[in-house]
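*Asks:* Give me a 3D structure for the following:
(one chain, ligands or ions: 1)
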Amino acid sequence: MRKSVSAAPAQRFAAAVQGQCLCGAIHFEIDFPARWAWHDHSSASRQAHGAAYATYVGSWRRRFRITEGQSNITQFADAASGTTRSFCARCGTPICYERARSPHMVNVPRALFKTRTGRQARYHIGIEQMPEWTYLGERLVPLKGFPGVVWDRSKRKPRAAPISGGSQN
Ligand SMILES: [Zn+2]
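*Replies:* Numbering: from 1, shown residues only. Model (predicted):
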């Protein structure tokens, strides 16, 4: 991230970035900047979010705080993968994702923060698990008769696995 010329170092590192769930029962914050950020294409995160993929920011655990609504958090622990996912019990928003093998990190969905987190998501995890229906920025045009709807009019072929395809098979 580009550093602000006007902000003193003490101000930059003291700031916290706030986030919340859909219904507003749970509020939290991380210290700025986040540790890193990435897109997670794994099937587990896809299902947990009900979305094509999840974008996370990672924070040191000691820099992450639930500031409101702790009692509204419900958790799902997946013993097989050593992961614990926390959700809002009222609205279902995924709040964070923790892994036993990274005990000092908390991974928070990027979408829950309204402002910048100090890290851009330039990394991809589980890219080989990306489904062929994921939108990849194909050219879109307006759908006649349906204001607000755009679509990919090309008849694209089913996509091959993005990484393993090619001459390495
Ligand atoms: Zn909620």
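
*Asks:* Now Arg101: phi and psi?
*Replies:* Phi and psi for Arg101, reported as degrees, to the nearest 10, are phi -80, psi -10.

*Asks:* Tell me the pLDDT of it.
*Replies:* Note on Arg101: pLDDT of 95.

*Asks:* residues in contact with stretch 101-112?
*Replies:* Outside stretch 101-112, the residues within contact range by CB atoms under 8 Å, 6 or more residues apart in numbering are 19-21, 28, 30, 35, 37, 49, 54-62, 64, 82, 93-99, 117, 121. Glycine gets a C-beta too; all of them are placed from N, C-alpha and C.

*Asks:* among these, which ones are buried?
*Replies:* Taking 16 or more other CB atoms under 10 Å as the criterion, what is buried in the contacts of stretch 101-112 is 19-21, 28, 30, 35, 37, 49, 54-59, 64, 93-98, 117.

*Asks:* ok so, going back, near the ion too, which of the contacts of stretch 101-112?
*Replies:* Restricting these to those near the ion by CB under 5 Å from the ion leaves Cys21.

*Asks:* Next step: the contacts of stretch 101-112 restricted to helices.
*Replies:* In this view, those that belong to helices under DSSP state H are His49.

*Asks:* Which residues does the residue nearest the centre of the chain form beta bridges with?
*Replies:* Residue closest to the average C-alpha location in the chain (CA atoms, centre = their mean): Thr55, at 2.3 Å. Under DSSP bridges, the beta-bridge partners of Thr55 are His39.

*Asks:* And Ala16, by the same measure?
*Replies:* With DSSP bridges as the rule, Ala16 is bridged to Asp31.

*Asks:* isn't it right next to Asp31, touching?
*Replies:* Yes: Ala16 is in contact with Asp31 according to CB atoms under 8 Å; the separation is 5.6 Å.

*Asks:* more crowded one of these two?
*Replies:* Asp31 (18 against 13; other CB atoms under 10 Å).

*Asks:* Now do the more buried one against Pro94, distance only.
*Replies:* Separation of Asp31 from Pro94 (CB to CB, to the nearest Å): 21 Å.

*Asks:* what does Asn107 give?
*Replies:* Distance from Asn107 to Pro94, counting by CB to CB: 10 Å.

*Asks:* swap in Leu112?
*Replies:* From Leu112 to Pro94 the distance is 8 Å (CB to CB).

*Asks:* cool, and Thr83?
*Replies:* 12 Å.
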